[in-house]
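Chemist: Dropping a prediction and its sequence here:
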Amino acid sequence: HFVAPTANRSGSPPSSQQLPTLTAANNNWAQGTNATYVAAWDVTVANGMSPILGRVYTKSLAVTTGANGPTAGVNSILYALAYDGARYTVNLNGLDGFTSVFFADTKGPVNTKGTSSIADDTSIYRSLQLVDGYVFGNLPSGFGVKNPFVADNIGSNNITHKLFLNPPAGDLPLDMNVPVGQLVGASPVTAIAQITSPIPVSPASTWLRRTYVAPLPPQNLDFVGIEGTIGQAGTGLGGFFRFNNPNAANNATSYRIKLSFGAPYEDRYIFGNLQLGKNSVFWDGRDGNGTVVPASATFTVDVELYNGEIHFPVIDAERHGGGFIINRVITSTLAADIYWDDRYLYTGNGPFDYSICAAPGNPPGQEYTPPPPLYSGGVQGNTVQCYGSNRERASTNPTAPIVFDSPRASLAGTNSSGGRHRWYQNEDLTNTGANVQGTGFGNKRIINTWTYIPSPPATITGQIAIRETDLQVSKTATNPFPSPGSPFTYTVLVTNTSTFTVTGARLIDQVPSSIAPISWTCDITSVSCNPSSGTTTGITTLLNMAPGSVVTLTIVGTAPAVEP
């Protein structure tokens with residue numbers, strides 16, 4: 001546990017505190033006596049005078065470089081060990097945060113659902129705008145992130161992965177006792193300062209070595225519309241993808257559902273936590289841009305199950321001109337596909353989602369165009385905060401050639417070879433100094449990058465129909481005002497006025513329980529009803545109807561002997 005000479009846990013530093021000057025890694029590093037930083041530190045496990053590599057890890061890497069700019073980035077290579085035994089090498093490749101925090105866990109930023117238990121949180125699978133607060137900012141209401149210094153919750157898959165400074169040693173124990181940090185304040189974290197201020201407490205057991213097991217694919221994948229019809233949904237209504245997870249606990253922890261529509265519709269991705277055994281995932285009938293998928297659309301569905309899921313939240317890193325290089329290490333080393341979503345997604349409906357807003361000048365469709373968005377909570381409260389860019393020009397001239405243009409989102413995955421997921425300051429400002437700190441895209445934000453190891457997919461192709469049917473229903477009675485104890489008959493007519501064959505439409509009618517006994521029958525000369533008759537007051541039957549066909553449901557009963 002290293003503490004700066006004038007570490008301040010409680011608020012803004014006094015003006016007398018010293019910040020570091022930008023220093024190259026191979027130069028002498030000066031440690032100021034009144035500094036708010038530790039210039040250099042070393043932890044070595046040794047046998048006598050011989051170092052033993054692969055034994056030292058951290059749960060979080062907090063770095064201050066003293067400046068921003070093309071030469072200010074951190075180029076460390078870290079070795080991430082996931083709980084399930086998956087391993088990654090992570091080249092920070094010029095991560096440029098004046099003062100920033102980097103760690104790895106299973107979920108990244110999460111939706112707290114208004115609870116105080118981290119176990120209830122689900123990943124938002126995107127980056128997050130922070131709000132008022134000195135240096136880092138604070139997490140907005142309704143969002144959180146697991147404090148890397150508190151104990152893991154294996155059962156709810158809220159786990160901080162371990163960042164080694166060398167490849168993890170092959171003889172690590174399965175578990176061992178280590179000091180565990182104590183959270184200052186509520187859980188989940190609501191103030192970013194809590195992440196940077198761990199307090200060591202008594203040792204507790206933590207995991208170290210696991211044998212990696214590749215994930216098995218989902219089984220028995222199908223789709224049922226919200227109206228209850230297998231393989232069919234009404235336009236804009238959606239339904240549920242259902243599948244079985246055959247993996248043992250922690251051998252697969254999440255899923256990704258990809259719906260591929262083809263032009264002009266945007267592919268849709270649905271992410272979520274995986275349950276043991278049966279899973280049911282709702283789809284709202286819309287594509288990736290929120291457009292209702294019409295009856296004319298055809299599409300393919302791929303479902304993959306994942307393990308080795310690892311999120312790399314970066315807090316308050318203004319620039320990242322090099323982008324991450326992340327390699328997956330199992331039996332060999334492969335460049336991993338990485339994922340991110342830095343888009344501004346708020347539509348004005350419902351509570352603000354704290355998605356992040358870039359400065360004007362980004363390509364249309366990737367960023368808002370004037371007028372500004374309805375709301376973007378940013379650094380100084382409920383004001384529009386749109387700054388930074390996902391692309392860099394050769395100079396401050398707005399017409400200068402674009403040097404690199406990083407997509408605002410990569411939900412399909414991007415090979416990280418050469419460095420991917422890059423972000424910059426406003427295009428019309430210089431590359432150094434306060435301009436970057438104030439207008440860098442990652443300033444007072446959590447930029448989330450993630451990856452995982454997928455199972456082979458389960459696929460549905462051409463077996464899901466979107467239907468816009470028009471069923472007209474009418475009900476008549478032969479004697480709408482029967483006398484006590486007398487018989488009566490109701491007739492329900494259902495007409496399919498659409499051009500589609502209706503399969504499995506659910507007809508429900510509730511007869512008052514005081515009317516008994518009753519019987520009902522369905523005329524099946526031109527349609528099918530399942531069931532076609534019954535004697536219960538709660539009537540439910542599934543209809544198959546050709547275009548233009550009519551269902552006739554006849555209900556016969558006896559009025560109560562005494563008027564209700």
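Modeler: Perfect, I can see it now.
Chemist: roughly how far apart are the residue nearest to D105 when sequence neighbours are not counted and P487?
Modeler: Once flanking residues are discounted, D105 sits nearest to T160: 4.8 Å by CB to CB, 6 or more residues apart in numbering. To be clear about C-beta, it is placed using only N, CA and C from the backbone, and glycine gets the same treatment. Taken as CB to CB, to the nearest Å, the spacing of T160 relative to P487 amounts to 72 Å.
Chemist: So which of these two has more stuff around it?
Modeler: Neighbours per residue, other CB atoms under 10 Å: of T160 and P487, the larger number sits with T160, 21 against 11.
Chemist: okay, that one: pLDDT?
Modeler: With respect to pLDDT, T160 scores 94.
Chemist: Identify the residues contacting it.
Modeler: When contacts are counted by CB atoms under 8 Å, 6 or more residues apart in numbering, T160 touches 59, 103-105, 146, 148-149, 152.
Chemist: secondary structure class for the residue most central in space within the chain?
Modeler: Here the mean C-alpha position of the chain is nearest to the C-alpha of Y125 (CA atoms, centre = their mean), at a distance of 2.2 Å. When states are read from DSSP: H, G, I helix; E, B strand; the rest coil, the local structure at Y125 comes out as coil.
Chemist: What distance do you get for it to Y346?
Modeler: Taking CB to CB as the measure, Y125 and Y346 are separated by 16 Å.
Chemist: ok, now how distant is the residue nearest to the centre of the chain from S254?
Modeler: As judged by CB to CB, Y125 and S254 stand 9 Å apart.
Chemist: so what sits against both of these two?
Modeler: Taking CB under 8 Å, 6+ apart as the contact criterion, the common neighbours of Y125 and S254 are F271.
Chemist: dump the residue contacts of the nearest residue to S528 once chain neighbours are set aside.
Modeler: Leaving out its chain neighbours, the residue that sits closest to S528 by CB to CB, 6+ apart is N544, at 4.4 Å. Applying CB under 8 Å, 6+ apart, one finds that N544 lies in contact with 501-505, 527-528, 530.
Chemist: Give the burial count for the closest residue to T535 other than its chain neighbours, as a bare number.
Modeler: Of all residues beyond its chain neighbours, the one nearest T535 is S519 (5.2 Å), with distances taken as CB to CB, 6+ apart. For S519, the number of neighbouring residues by other CB under 10 Å comes to 12.
Chemist: Isn't S519 up against V556?
Modeler: Yes. Here S519 lies in contact with V556, judged by CB atoms under 8 Å, at a distance of 5.3 Å.
Chemist: Helices along the stretch 401-550 of the chain, start to end?
Modeler: Using DSSP state H, counting those that start in this stretch, the helices found in the stretch 401-550 of the chain span residues 434-439.
Chemist: where does it dip in pLDDT?
Modeler: By pLDDT under 70, the weakly predicted segments of the stretch 401-550 of the chain are 428-436.
Chemist: and if you look at the stretch 201-350 of the chain?
Modeler: Within the stretch 201-350 of the chain, the ranges that satisfy pLDDT under 70 run 201-202, 331-333.
Chemist: try 80
Modeler: Low-confidence segments of the stretch 201-350 of the chain, defined by pLDDT under 80, are located at 201-204, 227, 234, 296, 298, 330-335, 347-350.
Chemist: swap in the stretch 51-200 of the chain?
Modeler: 66-71, 113-121, 132-137, 179-200.
Chemist: buried residues in the strand or helix carrying V314?
Modeler: Applying DSSP states H and E as the criterion places V314 in strand 300-315. Within strand 300-315, the residues that qualify as buried are 300-315, counting by 16 or more other CB atoms under 10 Å.
Chemist: what does stretch 483-496 give?
Modeler: Counting neighbours by 16+ other CB under 10 Å, one finds that the buried residues in stretch 483-496 are 488, 490, 492, 494, 496.
Chemist: Now intersect those residues with the strands, please.
Modeler: Using DSSP state E, the subset of the buried residues of stretch 483-496 located in strands is 488, 490, 492, 494, 496.
Chemist: Name the residues linked to the last one by a beta bridge.
Modeler: Spelled out, it's N496. Note on N496: beta-bridge partners L471, judged by DSSP bridges.
Chemist: which ones are touching it?
Modeler: N496 makes contact with 469-471, 502, 545-550 under the criterion CB under 8 Å, 6+ apart.
Chemist: ok, G137 touching V101?
Modeler: No. Counting by CB under 8 Å, G137 stays clear of V101, with 11.7 Å between them.
Chemist: between those two, who's got more neighbours?
Modeler: Shown here are G137 and V101; by other CB under 10 Å, G137 has more neighbours (23 against 20).
Chemist: now the more buried one: how far from P51?
Modeler: Counting by CB to CB, the gap from G137 to P51 is 39 Å.
Chemist: do the same with P547
Modeler: From P547 to P51 the distance is 78 Å (CB to CB).
Chemist: Ok, S60 next?
Modeler: Separation of S60 from P51 (CB to CB): 23 Å.
Chemist: more crowded one of those two?
Modeler: More neighbours surround S60 than the other of S60 and P51, with 20 against 12 (other CB under 10 Å).
Chemist: Domain map for this protein?
Modeler: Taking automatic domain parsing as the reference, the chain has its domains at 1-41, 54-212+308-454, 219-306+458-465, 469-558.
Chemist: Give me the secondary structure label for the closest residue in space to D523 that isn't next to it in sequence.
Modeler: Taking CB to CB, 6+ apart as the measure, D523 lies nearest to T552, with 4.1 Å between them; neighbours along the chain are not counted. Judged by three-state DSSP, the three-state class of T552 is strand.
Chemist: dump the residue contacts of T552.
Modeler: With contacts defined as CB under 8 Å, 6+ apart, T552 is in contact with 491-493, 522-523.
Chemist: Next: P482.
Modeler: 488, 559.
Chemist: how close does it get to P512?
Modeler: For P482, the distance to P512 under the criterion CB to CB works out to 13 Å.
Chemist: again with T558
Modeler: Counting by CB to CB, the separation of T558 from P512 is 12 Å.
Chemist: and Y265, that one's in a strand?
Modeler: No. Y265 is assigned coil when assessed by three-state DSSP, not a strand.
Chemist: tell me, how many neighbours does it end up with?
Modeler: As a measure of burial, Y265 has 19 neighbours, counting by other CB under 10 Å.
Chemist: What separation is there between it and T300?
Modeler: With distances taken as CB to CB, Y265 is found 12 Å from T300.
Chemist: Compute the first-to-last residue distance for stretch 215-232.
Modeler: Using CA to CA, to the nearest Å, the span of stretch 215-232 from its first residue to its last is 30 Å.
Chemist: Buried ones in it, by neighbour count?
Modeler: Going by 16+ other CB under 10 Å, stretch 215-232 has these buried residues: 215-218, 221, 223-225, 229, 232.
Chemist: Serialize those to TSV and add fields for distance to T414 and secondary structure.
Modeler: Compiled in TSV, the buried residues of stretch 215-232 are given as follows (distance: CB to CB, whole Å; DSSP: H, G, I helix; E, B strand; the rest coil):
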residue	distance to T414	secondary structure
P215	21	coil
L216	26	coil
P217	23	coil
P218	24	coil
L221	26	strand
F223	29	strand
V224	33	strand
G225	34	strand
T229	37	coil
Q232	35	strand
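Chemist: Nearest to F261 among those residues?
Modeler: Nearest to F261 out of the buried residues of stretch 215-232 is F223 (CB to CB; 14.5 Å).
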